[in-house]
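Visitor: Give me a model of this one.
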Amino acid sequence: AGSGQAVPLPRFNKANDDCIPREDWPNVSGPIAVVVLEGWFVGVPPEPASALAKPVNSLERDEDYEGIWRQHVNSALGGAYQQVFAELDCLLMLEAPSFEQVYEWRSVQEDKLRQRSPEGASGIMSAAELKRFIQHFERLTRHCLRVLPERADRVYPLDRQHRVTGCRSRD
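Guide: Got it, this is the predicted structure:
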């Protein structure tokens, strides 16, 4: 945004598992010098097609035994997302210790959502629902942990308490 231009900032409500209505997004006025694009899979390339053949968990084995969803996600990741990622000036990675730690952190996040959300919020998950939900992201999370450190400009390893333990740079 240039001087005097306003840019709406999208918001997502995890407790309701839906976007906040656009009219409720806050606006930021330009000029804007830095834009931070944050997300679980920002910068990750698609997996090789051969890697999709074997299921990584029970969800893929039982509900995507033909690999249709895996192939769809991989194809989408290799398409328009790569065009967006190509526009990044700098890629930073907060590196979780493992996929298992990601699950633990998401569980803590869910507990916090539960505590501060109104009773009956539609996006709050039980332990079983969370386990199933996280399986949707296991494949790509493990892929990220393998390949993103080599692609990122800077990697910040995290310990189990979310503390940064160092910095690795491609420079």
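Visitor: In space, not sequence, find me the middle residue of this structure.
Guide: residue 40 (1.6 Å; C-alpha atoms, centre = their mean).
Visitor: Could you check how far that one is from residue 154?
Guide: Relative to residue 154, residue 40 is positioned 18 Å away (C-beta to C-beta, to the nearest Å). For every residue, glycine as well, the C-beta is placed using N, CA and C.
Visitor: Same question for residue 36.
Guide: 14 Å.
Visitor: Neighbour count: the two, which is higher?
Guide: residue 154 (15 against 7; other C-beta atoms under 10 Å).
Visitor: For beta bridges, what are the partners of the more buried one?
Guide: Here residue 154 sits in beta bridges with residue 92, residue 169, as judged by DSSP bridges.
Visitor: who's in contact with it?
Guide: Counting by C-beta atoms under 8 Å, 6 or more residues apart in numbering, residue 154 touches 90-93, 167-170.
Visitor: Only whichever of those residues are buried, select them in PyMOL.
Guide: Buried subset of these, written as a PyMOL selection, criterion 16 or more other C-beta atoms under 10 Å:
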select buried, resi 91+93
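Visitor: With distance to residue 112 and pLDDT as extra columns, can I get the contacts of residue 154 in CSV?
Guide: Formatted as CSV, those follow (distance: C-beta to C-beta, whole Å; pLDDT from 0 to 100):
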residue, distance to residue 112, pLDDT
90, 30, 96
91, 28, 96
92, 24, 97
93, 24, 96
167, 27, 96
168, 30, 95
169, 32, 95
170, 34, 85
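Visitor: for the contacts of residue 154, which one is nearest residue 6?
Guide: For these, the residue nearest residue 6 by C-beta to C-beta is residue 90; the value is 25.1 Å.
Visitor: wait, the closest one sits on residue 153?
Guide: Yes. Residue 90 is within contact range of residue 153, at 4.9 Å (criterion: C-beta atoms under 8 Å).
Visitor: Need the phi and psi values for residue 13.
Guide: phi -110, psi 100 (degrees, to the nearest 10).
Visitor: Measure how buried it is and give me the count.
Guide: Residue 13: 16 surrounding residues under other C-beta under 10 Å.
Visitor: circling back: any figure for the gap between the closest residue to the residue nearest to the centre of the chain other than its chain neighbours and residue 89?
Guide: Nearest non-adjacent residue to residue 40, counting by C-beta to C-beta, 6 or more residues apart in numbering: residue 137, 6.8 Å away. Using C-beta to C-beta, residue 137 is found at 26 Å from residue 89.
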